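Chemist: Generate a structure from the sequence data that follows.
(2 chains)
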Amino acid sequence: MTARLRNLAPGVALGLLLIDVAGMVVLSVARPQFLSTYNLFVTGRDLSILLLVALAQMIVLSLGQMNLSIGSIGGLVAIIDSGLMVRYGLPVPVALTAGFVLGIVCGVVNGLLVYWTKINSFVLTLGTSYVFAGINLGITHATPFYHIPNEISAFGQARLGPFPIMAAVTIVLALLLAFFLSQVVLGRQLLAVGGNALAARLSGLPIRRATLTAHAISGFLAAMAGTMLMAQLGQGQPTIGATWVLPSFAGPIIGGAALAGGSAPILGTVLAMVLISLIDDGLVLVSADPFWVQFLIGALILGAVVLGRARLSDIRTLLRISASSTHQAGSRQ
Amino acid sequence: MRRSLSFGSVSAGRLAGGALLQQVALLALLIVTAGFWIYFSVSASGFTSDFNLFSLLRFAAIQIVIGFAQMVALSIGDLNLAVGAIGGAIGMLAGWTMQVLGLPPEVAILFGLVAGMLLGFGNALLITWTRINSFIVTLATASLITGAMLIITHSDPFSRLPDSFTSFSETEVAGRPISNLVLVTLGVGVALFLLYRNLSLGREMLAVGANRRAARMSGLYVDRVVLLTHGLSGALAATAGLMAISADHTASPSLGSDWLLASFVAPAVGGTLLSGGLVSVPGTILGGVLLATISNGLLLVGIDNFWITVFLGVVLLVAVVLDRVTRAAGGAAP
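Modeler: Here you go, the predicted model:
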């Protein structure tokens, strides 16, 4: 069944690709400054960060769980990074490594809580998100750490023509994630657990390792997103990540992920985040009320969900036919 | 459907052992809350002053209704992430109705409740029509509602609300440090208690929450139950919004943006099952009181507001984990 579901992903991706291309064409015709080097750089940089946020959610969704603490982890890591560098004068590599380890630890804590208690990941990560965010604010008292080392803020501004250097990090991580999920045994097992946890348990798959791995990856990607936003802003802002819940779900959901798990549409997520960036940038270029972003993302999620409903009924028909013709219809690979 | 013989909780025909467990949990919550009251009375100067008790109970009254709005959705096994968005939007709608249209508060309240219910109906229709998880639907509608509210109001607050409206929350009941809003909350609580205990709709909601498939198989109009439940949740969120702007003397566009944690803490601490089929109205009331007590008391003993957030997050985690552990130990696994 998951194999079948995945076969439908290219359809979503193709649709999103067409919309993205159309959006770019419309924007470049209606607002030529869309193609200006600076605009492309700024848009690409925002996209690089939010795409990591969306992938951090996608990897947990592929397990049939969720992570509401992505933004809180990103914010906590950013202020720990900047705090270690500014307050304690630690070298950049040491501080960044500490931040990534912290992100992974936060993710593992989420994973362990979900695995041990078997409680809905929604409410558990809602709880931990307030714990992480509260620690962040308790340390900083909502005051940023200014004057982070130059090499970090320079990285945030670095570009090759219109191409932001930090996009390279996102591209590499997205490719690694795609490789992990399609070629590495643990990645395949992760999707299998997400597709059918009971079948996975009965066939002896390492459910605990899959759960912890997915949450650890989510924590690491959140940490990376927080670090990159810190570099872009040039300071350790305690509010980093505060608005990430909506985009984190919008990307995978619009990209075709099933909340029940078993699918990890990386390409769909990428194209969905491109669409959101286009909307965001388009609204800036036509100087519309920024509140429209929130409204339109909500509308997009609903639109995608409604379209998905149409797709799902197709799958049901398909499954009914194949289930009657062969018993292997539901087996994977 | 069997009626469980418990005072506090109402469940869809669960084992008596589960009901007993619920009683014990409620008692434990009562003891914990009383413990905090005693601790703060001794160590936080001014905790027992009439002024502080008045504002603490008024805050609790609002938190409880926020919790009710979530509890109702949880009772059918759904979530409503739009509780804060609806509460905030209705607060602004009522502010606009009174300040700009100059209509009397009664009309604004009626408008607000109806609009809140309609927004809830909208959630329900999307859920039943698309068959998509209520989480995603209400995440999207929350963003739509808040986005639309901010676009329409340009994020300008309404701060000249009529005196008759704002003084309602300031009035003390019978000379005690108790706001009128506390009475509103208790009234809503009694109504919800009776709904789940005595009315067939309430029993149907719990049946849908306990096992939606079985409920549908046994002939319940599940979609109708979902519709009415989300309508009620929306109306309760609207009630909380109206209470909040009366207490704040202003309808602010940021109203509701921080309700998410509170909406889950009060029901979860009070023993409402997150997966549906089991609610506790007295538990949610106690949960809201505990939440308000902790926020108020920790502030008075000089603990930073930010650390209180950590504390409330931990309270939520401890509550759900303890609930799971005791249920497993009591052999009444959900």
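Chemist: rest of the way, CA atoms for contacts and neighbours
Modeler: Noted.
Chemist: Please report how far B:N52 lies from chain A.
Modeler: Using Cα to the nearest Cα, to the nearest Å, B:N52 is found at 25 Å from chain A.
Chemist: ok, that residue - how many residues close by?
Modeler: Residues contacting B:N52 under the criterion other Cα atoms under 10 Å in any protein chain shown number 16.
Chemist: For it, which non-adjacent residue is closest in space?
Modeler: Sequence neighbours aside, B:G46 is the residue nearest to B:N52 in space, at 6.8 Å (criterion: Cα to Cα, 6 or more residues apart in numbering or on different chains).
Chemist: Angles on the backbone of the closest residue to A:Q235 other than its chain neighbours, please.
Modeler: Spatial nearest neighbour of A:Q235, chain neighbours left out: A:Y146 (4.9 Å); criterion: Cα to Cα, 6+ apart. As for A:Y146, its main-chain torsions (degrees, to the nearest 10) stand at phi -90, psi 170.
Chemist: from what I can see A:Y146 touches A:P238, true?
Modeler: No. A:Y146 is beyond contact range of A:P238, at 11.1 Å (criterion: Cα atoms under 8 Å).
Chemist: quick one: which of those two has more around it?
Modeler: The neighbour comparison of A:Y146 against A:P238 (other Cα under 10 Å) goes to A:P238, with 26 against 15.
Chemist: in what helix or strand does B:L291 lie?
Modeler: Counting by DSSP states H and E, the element that carries B:L291 is helix B:281-300.
Chemist: how much space is there between the residue nearest to B:N52 and chain A?
Modeler: Taking Cα to the nearest Cα, one finds B:G46 at 24 Å from chain A.
Chemist: what about that residue, is that helix, strand or coil?
Modeler: coil (DSSP: H, G, I helix; E, B strand; the rest coil).
Chemist: Which parts of chain B are strands?
Modeler: For chain B, the strands defined by DSSP state E cover B:9-11, B:278-280.
Chemist: Least confident of those strands, on average?
Modeler: Lowest mean pLDDT within the strands of chain B: strand B:9-11, a mean of 57.
Chemist: re the thing from before, ok, now how distant is the residue nearest to A:Q235 from A:I73?
Modeler: Distance from A:Y146 to A:I73, counting by Cα to Cα, to the nearest Å: 20 Å.
Chemist: now do B:W307
Modeler: Taking Cα to Cα, one finds B:W307 at 16 Å from A:I73.
Chemist: neighbour count winner among the two?
Modeler: Set side by side, B:W307 and A:I73 show more neighbours around A:I73, with 35 against 23, by other Cα under 10 Å.
Chemist: ok, that one touching A:S129?
Modeler: Yes. If you go by Cα under 8 Å, A:I73 and A:S129 touch, sitting 7.5 Å apart.
Chemist: Alongside chain B, which residues does chain A contribute?
Modeler: A:117, A:119-120, A:123-124, A:126-135, A:137-138, A:141, A:246, A:259, A:289, A:291-299, A:301-302, A:305-306, A:309 (Cα under 8 Å from any Cα of the partner chain).
Chemist: Can you flag the buried ones in the residues you listed?
Modeler: Among those, the ones that count as buried by 16 or more other Cα atoms under 10 Å in any protein chain shown are A:119-120, A:123-124, A:126-135, A:137-138, A:246, A:259, A:291-299, A:301-302, A:305-306, A:309.
Chemist: and those residues, which of them are in helices?
Modeler: Using DSSP state H, the members of these that fall in helices are A:123-124, A:126-135, A:137-138, A:246, A:291-299, A:301-302, A:305-306, A:309.
Chemist: residue ranges of the helices in the stretch 151-300 of chain B, please?
Modeler: B:163-170, B:180-198, B:200-210, B:212-217, B:222-248, B:260-269, B:281-300 (DSSP state H, counting those that start in this stretch).
Chemist: Among these, which comes closest to chain A?
Modeler: With Cα to the nearest Cα, the closest approach to chain A among these belongs to helix B:260-269: 7.4 Å.
Chemist: Just give the nearest non-adjacent residue to B:S75, would you?
Modeler: B:S75 sits nearest to B:G276 (Cα to Cα, 6+ apart), 4.5 Å away.
Chemist: Let me see the contact set for the one you found.
Modeler: B:G276 is in contact with B:L74, B:S75, B:I76, B:G77, B:D78, B:L206, B:V208, B:G209, B:A210, counting by Cα atoms under 8 Å, 6 or more residues apart in numbering or on different chains.
Chemist: State the distance from the residue lying closest to the fourth one once chain neighbours are set aside to A:G298.
Modeler: Counting by Cα to Cα, 6+ apart, the nearest residue to B:G77 once its immediate chain neighbours are dropped is B:G276, at 3.8 Å. As judged by Cα to Cα, B:G276 and A:G298 stand 26 Å apart.
Chemist: OK, contacts around the residue nearest to the spatial centre of chain B?
Modeler: Most central in chain B under Cα atoms, centre = their mean is B:G67, positioned 1.8 Å from the mean C-alpha point. Counting by Cα under 8 Å, 6+ apart, B:G67 touches B:A262, B:S263, B:F264, B:V265, B:A266, B:P267, B:T284, B:G288.
Chemist: any idea how far the residue nearest to A:Q235 is from chain B?
Modeler: As judged by Cα to the nearest Cα, A:Y146 and chain B stand 20 Å apart.
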